[in-house]
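Colleague: The sequence and its predicted three-dimensional model are supplied below.
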Amino acid sequence: MTASSTPSSAGGTSASSAHTSHSGAMPPPGCPAHAGAVRLSGDEHRTDPMGVYEQLREKHGPVAPVLVEGDLPAWLVLGYRENLEVVRTPNRFSRDSRIWNSLLQGHVPEDSPLLPMIGWRPLCVFVDGAEHERLRAAVTESLAKLDRRGIRRYVTRFAGQLIDRFVADGEADLVSKFAEHLPMLVLTQLFGMPEEYGPRLVEATLDLIKGSETAFESDVFVTETVRAHVARRREEPAHDFTSLLMAHPANLDDEEVAQHLRLILISANETTTICIGNTLHLVMTDHRFRASLAGVRMTLPDAVEQVLWDEPSIMVCPARWATGDTEIGNVQVKAGDMLLLGLAAGNTDPAVRPDLTMPMHGNRSHLAFSGGPHECPGQDIGRAITETAVDVLLTRLPDVELAVADEDLVWVSSWMSRHLTELPVRFKPGSVDDTAARNVVPSQAARPERVGAVPPPGPDAEAGGPAAAGANAVAAAPAAGAVPTAEEPPSRPRKSLGARIAGWFGIGKRR
Ligand code: HEM
């Protein structure tokens, strides 16, 4: 089936008017393809995104017209091959949101919840070509220098410390007590931030994403914290990701470094948290995994890949924009049209997976990390954190099981992603085991020149690191200026960024 019209037929206005408060509530006139199109922000998509993708695939084929927040038109790419075609041809489908026709035509309101994700900024995610290569090389080459075994040791240590907090209880919510905390604790270590920043940044980024009343202050806290850290590293370079990024020949200025650190803290934390939660969920609910793991027929890395196929952290990835009139799949798109990568839909495309019940056996050709020049450069780290986290948890709590029926679990969904709000489990109560913490610190000290390693243990390390220091620090997290070196945040200049970001994570909605 062919959609013959495009979302871009309205008369244009100047770029300078692109951020007016124009409602932009309706698709542009003359756009039959988007008349009655499915709203990705609608209830149907929230409750059953995979069902919606299959309906769209059946009705439209591999590329379907949809509406995003504010009823702005977009094309959702559902086909596996079509997703790859889009991400692999940046000369046809750019990452530069400044060419978005809805924006140029003034249909995107200034407070659109899409803008925190899509609004152009000088980051590697928004550029193509030579500038992308410059920024991306700095990120990928700096990440490549991290010591992978060091990362796994960090995960083991922090996972052990988190488990210690609830192991005696015999029950826990693995989202709020485990998955939500682990990636950030590891990331702050890789960045070379003081250990005590971990719990504070976890709390602040969660607060920011949830769009609470203190969300804006939390965003200021995160931004000022990374800026202060960059300023400190400018004075005192060390052996960490931040220092590598600053020293890279791409010659990023301090603000570019700070913005990339902020980007990774927020996006890598969220995606990896979701991946850990989804992997734990599948391990406990899908007998293929449990039985296979026990019988050593399927390794944990294989299980993680299966999750990345079936429940990718980002289901719909924004975005690409057509650089000119072109055809993709079965539709004609116009210059400036927005295309959304349907990563979850592409992963279940019958053209590549006719039988979704067949295990993927570690096959890594899924779309969970996208593809092409912008393919996630942190995927090995995301995998390492997830695998190690689940491994440590299953080792410490071998009899762990879901404490509620699977159908009673609550999922938070948005047009971009969905994840569990809670993962209540029960297990035989155990005792605190600080073996991991004892083992990790000396090995860091033995290899101070390697990154992934980072600063010598801080004053809280002897008292048990962030797990011990956590309670008070976490409580103080969203308070602006809680990090001693961060400057007083400026007064609130605009609508809460957190509230806008909450739009694309769709916080508070139930499956
Ligand atoms: C399971 C965890 C993760 C998932 C599922 C994930 C997924 C993604 C996806 C789908 C993209 C968009 C690519 C595109 O636009 O085509 C992306 C980009 C990116 N990710 Fe990840 N990610 C994860 C973890 C991480 C980690 C741990 C880091 C860093 C340590 C990281 C750093 C980045 C960066 C810097 C980009 C932008 C790359 C560019 O535009 O060139 N991610 N990720």
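Modeller: Structure received.
Colleague: How about the residues of the stretch 1-150 of the chain by the ligand?
Modeller: Counting by Cβ under 6 Å from any ligand atom, the positions of the stretch 1-150 of the chain adjacent to the ligand are V87, C124, V125, R136, V139, L143. Backbone N, C-alpha and C define where each C-beta goes, glycine included.
Colleague: per-residue pLDDT, the closest residue to the ligand within the stretch 101-250 of the chain?
Modeller: In the stretch 101-250 of the chain, the residue found nearest to the ligand is V125; the distance is 3.8 Å by Cβ to the nearest ligand atom. Here, the pLDDT recorded for V125 equals 94.
Colleague: how deep is it tucked in, by neighbour count?
Modeller: Close neighbours of V125, defined as other Cβ atoms under 10 Å, add up to 17.
Colleague: So it lies in a helix, does it not?
Modeller: Yes. Assigned with DSSP: H, G, I helix; E, B strand; the rest coil, V125 falls within a helix.
Colleague: next one: whichever strand or helix holds V155 to chain centre, how far?
Modeller: In this assignment (DSSP states H and E), V155 forms part of helix 148-166. Put simply, helix 148-166 sits 20 Å off its chain's centre (Cα atoms, centre = their mean, to the nearest Å).
Colleague: in that helix, what's buried?
Modeller: Judged by neighbour count (16 or more other Cβ atoms under 10 Å), helix 148-166 contains these buried residues: 150-166.
Colleague: do the same with stretch 125-136
Modeller: So, applying 16+ other Cβ under 10 Å, buried residues of stretch 125-136: V125, F126, V127, D128, H132, R134, L135, R136.
Colleague: pretty sure the second one is in contact with I99, am I right?
Modeller: Looking back up the chat, that one is F126. No. Using Cβ atoms under 8 Å, F126 is not in contact with I99, being 11.0 Å away.
Colleague: counting contacts, what elements does the helix holding V155 pack onto?
Modeller: helix 182-191, helix 379-396, helix 435-446, helix 465-476 (3 or more Cβ pairs under 8 Å, 6 or more residues apart in numbering; DSSP states H and E).
Colleague: The helix or strand following the first one - what's its average pLDDT?
Modeller: Translated: helix 182-191. Downstream of helix 182-191, the next assigned helix or strand under DSSP H and E is helix 197-210. Summarised as a single mean, pLDDT over helix 197-210 is 79.
Colleague: and the residue of the stretch 351-500 of the chain found nearest the ligand, what does it touch?
Modeller: Minimum separation of the stretch 351-500 of the chain from the ligand (Cβ to the nearest ligand atom) falls at G378, amounting to 2.0 Å. For G378, the contact set (Cβ atoms under 8 Å, 6 or more residues apart in numbering) comprises L143, I264, A268.
Colleague: I'd like to know how far it sits from T140.
Modeller: 9 Å (Cβ to Cβ, to the nearest Å).
Colleague: Check E375 too.
Modeller: For E375, the distance to T140 equals 10 Å [Cβ to Cβ].
Colleague: So for the two, which residues contact both of them?
Modeller: Contacts common to E375 and T140, judged by Cβ under 8 Å, 6+ apart, are absent.
Colleague: can you count the residues close to P301?
Modeller: Neighbour tally, P301, other Cβ under 10 Å: 15.
Colleague: wait, E195 sits on Q189?
Modeller: Yes. The criterion here is Cβ under 8 Å, and E195 meets it with Q189 at 7.3 Å.
Colleague: Got the confidence number for A168?
Modeller: In this prediction, A168 has a pLDDT value of 97.
Colleague: Give me the number of neighbouring residues for the closest residue to it other than its chain neighbours.
Modeller: Nearest-residue entry for A168: P429, 5.2 Å, with adjacent residues in sequence omitted and distances by Cβ to Cβ, 6 or more residues apart in numbering. Residues near P429, counting by other Cβ under 10 Å, number 12.
Colleague: chain center to the helix ranked longest in the chain, what's the gap?
Modeller: Assignment by DSSP state H gives helix 254-285 as the longest helix of the chain. Relative to its chain's centre, helix 254-285 lies at 5 Å (Cα atoms, centre = their mean).
Colleague: Give me the angle between it and helix 182-191.
Modeller: Interaxial angle of helix 254-285 relative to helix 182-191 (axes from the mean of the first three to the mean of the last three Cα atoms, to 10 degrees): 140 degrees.
Colleague: what's the angle from helix 254-285 to helix 148-166?
Modeller: 60 degrees.
Colleague: for helix 254-285, what is the average pLDDT?
Modeller: 93.
Colleague: I'd like to check the angle between it and helix 379-396, please.
Modeller: Angle, helix 254-285 to helix 379-396, by the same axes, to 10 degrees: 40 degrees.
Colleague: Any residue of helix 254-285 touching the ligand?
Modeller: Yes. Helix 254-285 comes into contact with the ligand (Cβ under 6 Å from any ligand atom), by way of I264, A268, T271, T272, C275.
Colleague: Quickly find the element holding the residue nearest to A168.
Modeller: P429 belongs to no helix or strand when elements are defined using DSSP H and E.
Colleague: from what I can see it touches V167, true?
Modeller: Yes. Here P429 reaches V167: they are 6.8 Å apart, a contact under Cβ under 8 Å.
Colleague: Please pull out the lowest mean pLDDT helix or strand from the chain.
Modeller: The weakest-scoring helix or strand in the chain, judged by mean pLDDT, DSSP states H and E, is helix 465-476 (a mean of 28).
Colleague: Name whatever forms a beta bridge with the closest residue to L409 other than its chain neighbours.
Modeller: Spatial nearest neighbour of L409, excluding adjacent residues (Cβ to Cβ, 6+ apart): L420 at 5.8 Å. Going by DSSP bridges, L420 is paired in beta bridges with W411.
Colleague: and L420, what is it in contact with?
Modeller: L420 is in contact with V175, G277, N278, H281, L409, V410, W411, V412, counting by Cβ under 8 Å, 6+ apart.
Colleague: Which pair of those spans the longest distance?
Modeller: The span of those, defined through Cβ to Cβ, is set by N278 and V410 at 14.1 Å.
Colleague: neighbouring strands for whichever strand or helix holds P318, and are they parallel or not?
Modeller: Using DSSP H and E, P318 maps to strand 316-322. Paired strands of strand 316-322, with direction, are strand 93-94 (antiparallel), strand 338-342 (antiparallel) (DSSP bridges).
Colleague: in the next helix or strand after it, what's buried?
Modeller: Downstream of strand 316-322, the next assigned helix or strand under DSSP H and E is strand 326-328. Residues I328 are the ones in strand 326-328 that count as buried (16+ other Cβ under 10 Å).
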